[in-house]
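In: After the sequence you'll find the predicted model.
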Amino acid sequence: MRILLIEDETALREQTAQQLRAQNLTVDAVADGEEGLFMGSEYPYDVAIIDLGLPKLSGIEVIQQLRALSFKYPILILTARGRWQDKVEGLEAGADDYLVKPFHFEELSARLNALARRASGWANATLRCGPIELNPSSQQVFLQQTQVEITAYEYRLLHFLMLHAGEVISKSELTDHIYEMDQDRDSNVIEVFVKRLRGKLDPDKTLNPIETLRGRGYRLNLPRD
Amino acid sequence: MINPRLSLSNRLLIAVSVVLGAFLGLSAFSLNNAFKSSAETAQEQRLHNYVMTILTAAELTDTGELLMPEKLLEQKFSIPNSGLYAQITSGDQIIWQSPSAIGLFLALPFHPGPSIEQYSVIDLHNGMKLRNLAFGVVWENDQGAQFDYTINVSEDQLMLEAQTANFQRNLWYWLGGTGIMLLIAQWLILRWSLRPLTGAAKDLHAIETGEHPRLTGEYPMELQQLTQNINNLLDHEQSRRIRYKNSLADLAHSLKTPLAVLRSELENSQDLKHFKHVGQDQLQRINQLVDYQLQRAATEGKSNLLAPVSLGEIIHKIIASLNKVYQSKNIHCQFEIERDAFIHADEGDMYELLGNLLENAYKYGRQRVNIVVQSQHQKITLRIEDDGNGIPLIAGEAIIKRGRRFDTQVEGHGLGLAIVSDIVEAYEGTIKLEKNFLGGACFIIEIPDQ
């Protein structure tokens, strides 16, 4: 899951980005409205976190312009002053939720996961597909109630596939959603990750959770619970 | 260009002087003209009467000779240079001259025609100016012979001019006197009518120097609206200042407790996990206190100077926002809002009041939220109820009780309600918490509007 974080306070931005990455989320963090708008319209994000008081271009304007460009991903606004007028203005502009600073990181994380879930049609906090279970808040994966040890990138890949269970996801889409902008990307690695995931989630090769559609991509093929 | 800083009394004085000057000047001009023309008419009438006197006194003999009495009825004809002269001509002969006219050549003999009066002005060589009436007579004797005569009567113009000059002098004295008196009266009236303004300025100065907290004097009706508004503004500012001061004092005071707890934990705690837990709690508390007092200080509060805001519009906007945020709860919201539910209040305050109440309802409600807004008898009644299990009932009742400050509350949900309670108080309204038939909380807020 790839997150755009636009926040001008350096300490808060870096700390938040670090905590989000620690939750195995892909994060691009920028400091002003103009750059934020550019990033937001250039890369495929799953959720954006936008501070309202930004230099160069205000958070409200960034949201309005993103929505005017028909980007539909959920947006969470951060406000320093918890004024209702600001919250309503932000939500009217096109944001989906708000959080008043200072916040507990757990709160932010829960809201982010809820927004991402809602956007992809999941009702519960824990994603379940057949015998596979993924808990975004603890980043744990279970197969038949038994925890499965997987690496960070395997988790990112599985998280995205499960969020969009039933949909065909291309290799480049997967790359876009699990790598940050300045990371080296090699789409062959995706194949390696998928192969390893299959090995871990389907050791006796009966489940076939991730289907390969030649030339089109991958699909998580288990029914959502 | 008129100096915009020209004082009111100077403006009025200048305007009144110009109008008065023009009025008096025009009156003098027309009065003078009227007097002149009536004097001239009187003169003509006079000359006509003299002609008639002479005509009556004259006697014609059978031979056509004209006989005049020694003395005429009018004395002035007998005194030389009296200013009134008469002569009778016939053909180019002067037949008779009044004794006053001796040595004067009045007019060329001419005959204007029978019974025709002809007025003229004669300039004599010695500088005299006469007004002359020539009257033509034709007499017939018993034999039927006709004799033409012209009777001339002249009056010295000096008389008329002296009369006019006298009148003009009198006129100027009177009009000038009247003008000066009117100006003085105007000035006094101005001073008298502008005195309340001077009084208001003095009162304002007294406020500036801190002698009085507001405008205290009695003012005339026209100024009352202004002074009333100034007083409202002053009261509003005063209550805001008090709120600022109180919030600041309360904030400083209420921060002491969590800070003391943190310090004592820092000094005594051996258990890192426990310390972290306490630290988190106290930070949360400090954060809430700052939020609460900031909001309290920012509350505008009741003022007659605020424009009316539509409660319905604000409610709809907040509900749209909450529906987004609490999408997963799928709350069914029912409105009953009077169309003209406007209130003279600060928009930000109303957002805060309604936002906190409605968010609580969404948070604690299960499926339903009812909102009723009524505007009656200059009073706005708000009723917000939910079908939750009344979690805020316990905390809420304590919070909205009078005289309890937020920092004396135990924990948790109360921040929003404390803010609501403060805003209601700032608008001199009341807030009640009841249990409703849906099972949840029902807040009833009444705010007087003006």
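Out: Nice, thanks for sending it over.
In: contacts, neighbours, all on C-alpha from now
Out: Fine.
In: Give me the residue ranges of chain A where confidence is low.
Out: Across chain A, the ranges flagged by pLDDT under 70 are A:187.
In: Show me how the chain divides into domains.
Out: No chain in the question, so chain A it is. A:2-119, A:127-220 (automatic domain parsing).
In: The intended chain is chain B.
Out: Per automatic domain parsing, the structural domains of chain B span B:1-207, B:221-298, B:308-448.
In: Among the domains of chain A, which comes closest to residue B:208?
Out: Closest of the domains of chain A to residue B:208 is domain A:2-119, at 34.3 Å (criterion: C-alpha to C-alpha).
In: near chain B, which residues of chain A?
Out: A:81-85, A:88, A:91-92, A:96-98, A:102, A:123 (C-alpha under 8 Å from any C-alpha of the partner chain).
In: List buried residues within these.
Out: Those of those that meet the buried threshold are A:81-85, A:88, A:91-92, A:96-98, by 16 or more other C-alpha atoms under 10 Å in any protein chain shown.
In: Mind checking which of those are in strands?
Out: A:97-98 (DSSP state E).
In: Helix, strand, or coil at the spatially most central residue of chain B?
Out: Chain B has residue B:222 as the residue nearest its centroid, 7.4 Å off, counting by C-alpha atoms, centre = their mean. Under the three-state scheme (DSSP: H, G, I helix; E, B strand; the rest coil), the conformation of residue B:222 reads as helix.
In: How confident is the prediction for it, by pLDDT?
Out: Note on residue B:222: pLDDT of 83.
In: isn't residue B:102 right up against residue B:82?
Out: No - the criterion here is C-alpha atoms under 8 Å, and residue B:102 misses it with residue B:82 at 11.0 Å.
In: any chance you could map the helices in chain A?
Out: Taking DSSP state H to define them, one finds helices in chain A at A:10-22, A:33-42, A:59-68, A:84-93, A:105-119, A:152-163, A:171-178, A:187-201.
In: Compare those and give me the one nearest residue B:96.
Out: helix A:84-93 (115.1 Å).
In: buried ones in stretch A:103-119?
Out: Going by neighbour count (16+ other C-alpha under 10 Å), the buried part of stretch A:103-119 is A:108-109, A:111-119.
In: For my notes, please list those residues in TSV and give distance to residue B:93 for each entry.
Out: Output for the buried residues of stretch A:103-119, formatted as TSV (distance: C-alpha to C-alpha, whole Å):
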residue	distance to residue B:93
A:108	136
A:109	140
A:111	136
A:112	137
A:113	140
A:114	139
A:115	136
A:116	138
A:117	140
A:118	137
A:119	136
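In: From those residues, pick the one nearest chain B.
Out: Closest to chain B out of those is residue A:118 (8.1 Å), distances taken as C-alpha to the nearest C-alpha.
In: Let me know which of the domains of chain B is tucked in deepest.
Out: For these, the largest average neighbour count (mean count of other C-alpha atoms under 10 Å in any protein chain shown) is found in domain B:308-448, namely a mean of 18.
In: Need the distance between the two termini of that one.
Out: 13 Å (C-alpha to C-alpha, to the nearest Å).
In: Direction included, what does the host helix or strand of residue B:118 pair up with?
Out: Using DSSP states H and E, residue B:118 sits in strand B:117-123. Note on strand B:117-123: by DSSP bridges, its sheet partners are strand B:129-140 (antiparallel).
In: gap between the partner strand and the chain center?
Out: Offset of strand B:129-140 from its chain centre (C-alpha atoms, centre = their mean, to the nearest Å): 68 Å.
In: Just name whatever secondary elements the following helix or strand past it is in contact with.
Out: Sequence-wise, the next helix or strand downstream of strand B:129-140 (DSSP H and E) is strand B:146-156. Under the contact definition 3 or more C-alpha pairs under 8 Å, 6 or more residues apart in numbering or on different chains; DSSP states H and E, strand B:146-156 sits against helix B:8-57, strand B:84-90, strand B:129-140.
In: residues from chain B in reach of chain A?
Out: B:287, B:291, B:317-318, B:321, B:324-325, B:328, B:348, B:351-352, B:355.
In: List the contacts of residue A:24.
Out: Residues near residue A:24 by C-alpha atoms under 8 Å, 6 or more residues apart in numbering or on different chains: A:139, A:152-153, A:155-156.
In: Of the residues you listed, which pair is most distant in space?
Out: Between any two of these, the greatest separation by C-alpha to C-alpha is 11.7 Å, found for A:139 and A:153.
In: Ignoring the adjacent residues along the chain, who's closest to residue 115?
Out: You didn't say which chain, so I picked chain A. Of all residues not flanking residue A:115 in the chain, residue A:74 sits nearest, at 6.2 Å (C-alpha to C-alpha, 6 or more residues apart in numbering or on different chains).
In: Not quite, go with chain B.
Out: Excluding its sequence neighbours, the residue lying closest to residue B:115 (C-alpha to C-alpha, 6+ apart) is residue B:136, at 5.2 Å.
In: And the one you found, how far from chain A?
Out: Noted for residue B:136: a distance of 107 Å to chain A, by C-alpha to the nearest C-alpha, to the nearest Å.
In: ok, now residue B:198?
Out: The separation that residue B:198 has from chain A, given C-alpha to the nearest C-alpha, amounts to 44 Å.
In: for that residue, helix, strand, or coil?
Out: Following three-state DSSP, residue B:198 is assigned to helix.
In: can you pull the contacts of it?
Out: Here residue B:198 is in contact with no residues (criterion: C-alpha under 8 Å, 6+ apart).
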